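*Asks:* For reference, the sequence and a predicted model appear below.
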Amino acid sequence: MDLITDQSLLLFIKRSQAGDQSAFEKLFEAYKPFVMKTTVQYCKRMLEWGHDDELSIGLMAFNSAVYSYDPGRKVPFASYCKVVIVNRLKDYTRSKSKELRVVPLDHEELNTYYEGQIAQDNFHQTTVENERREEMERLEGILADYSIDFEDLVDVSPKHRDSRKTLLQAARKLAHTDELWDFLTNRKQLPLNELEKACGIRRKTLERGRKFIIASAVIMANLDQFIHLGSYVNFK
């Protein structure tokens, strides 16, 4: 089961919250790789199921996220789940650090430690770069359906903060309103008239910012698929 593309996601969550163990187990299996990725990104090192406590913490956090998730808040489940996992890992790290005794390391141990840290950092950096490249390729493929490429985005991206804020407001409305989103994805066109009425932004402004609005809306509507690219967009 895909994360965000599976239209049955909310149904599985609601069934899990109602006590359906079978529905929860399906969610668990679908999101287990996501829990691994999120935990590895936080710990900045390779982890192994059944060996590292952090993964157990991540799974418990996932369990908590499923039963506390509120679809009415309009936050994608994967984004909410990631926040819950990271916060739980932070709590675990703080509690663990209080229990550890500080033991002086000799020169050889220090070298080994630093080499290990460098290896972890390199692994994390490589992972992030690969994921970011995959996100760029994924976004490029989606935008091709709208006759938009990255060179277009560089040229049309708003240079002024107010203009950017206005277009992001339109993108947010587009991404989070079912009727507008369905119009966009089905017809591959921006619903200019409907969007103008929905957000109160002039049609000419929407037309000029069409490509930027569509690209931003695609990211906003699929934050779990664009974790890194989403961090470059100010949604507030």
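*Replies:* Yes, it's here. Numbering: from 1, shown residues only.
*Asks:* Quick check: the closest residue to Met136 other than its chain neighbours vs Arg133, distance?
*Replies:* Closest residue to Met136 apart from its sequence neighbours, by C-beta to C-beta, 6 or more residues apart in numbering: Leu229 at 7.3 Å. (Glycine included, C-beta is placed from N, CA and C.) To Arg133, Leu229 is 11 Å away according to C-beta to C-beta, to the nearest Å.
*Asks:* Show me which of those two is the more surrounded one.
*Replies:* Between Leu229 and Arg133, Leu229 has the larger neighbour count (other C-beta atoms under 10 Å), namely 19 against 11.
*Asks:* Could you pull up the mean pLDDT of the one helix or strand that one maps to?
*Replies:* Element membership of Leu229, judged by DSSP states H and E, is helix 227-230. Helix 227-230 shows a mean pLDDT of 73 in the predicted model.
*Asks:* Just the CA atoms of the helix or strand containing Phe28, as PDB, please.
*Replies:* Element membership for Phe28, per DSSP H and E: helix 21-43. The C-alpha coordinates for helix 21-43 follow below in PDB (Å, rounded to 0.1, in the frame of the first residue of the first chain):
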ATOM      1  CA  GLN A  21      -6.300  -4.900  14.400                       C
ATOM      2  CA  SER A  22      -6.100  -6.100  10.800                       C
ATOM      3  CA  ALA A  23      -6.300  -2.500   9.500                       C
ATOM      4  CA  PHE A  24      -3.600  -1.400  11.800                       C
ATOM      5  CA  GLU A  25      -1.300  -4.300  10.800                       C
ATOM      6  CA  LYS A  26      -1.700  -3.300   7.100                       C
ATOM      7  CA  LEU A  27      -0.800   0.300   8.000                       C
ATOM      8  CA  PHE A  28       2.100  -1.000  10.100                       C
ATOM      9  CA  GLU A  29       3.600  -3.000   7.200                       C
ATOM     10  CA  ALA A  30       3.100  -0.100   4.700                       C
ATOM     11  CA  TYR A  31       4.800   2.500   6.900                       C
ATOM     12  CA  LYS A  32       7.600   0.300   8.400                       C
ATOM     13  CA  PRO A  33      10.100   1.500   5.700                       C
ATOM     14  CA  PHE A  34       9.000   5.100   6.400                       C
ATOM     15  CA  VAL A  35       9.600   4.600  10.200                       C
ATOM     16  CA  MET A  36      13.100   3.200   9.300                       C
ATOM     17  CA  LYS A  37      13.900   6.200   7.000                       C
ATOM     18  CA  THR A  38      12.700   8.800   9.500                       C
ATOM     19  CA  THR A  39      14.600   7.200  12.400                       C
ATOM     20  CA  VAL A  40      17.800   6.800  10.400                       C
ATOM     21  CA  GLN A  41      17.700  10.400   9.300                       C
ATOM     22  CA  TYR A  42      17.300  11.500  12.900                       C
ATOM     23  CA  CYS A  43      20.000   9.200  14.300                       C
END
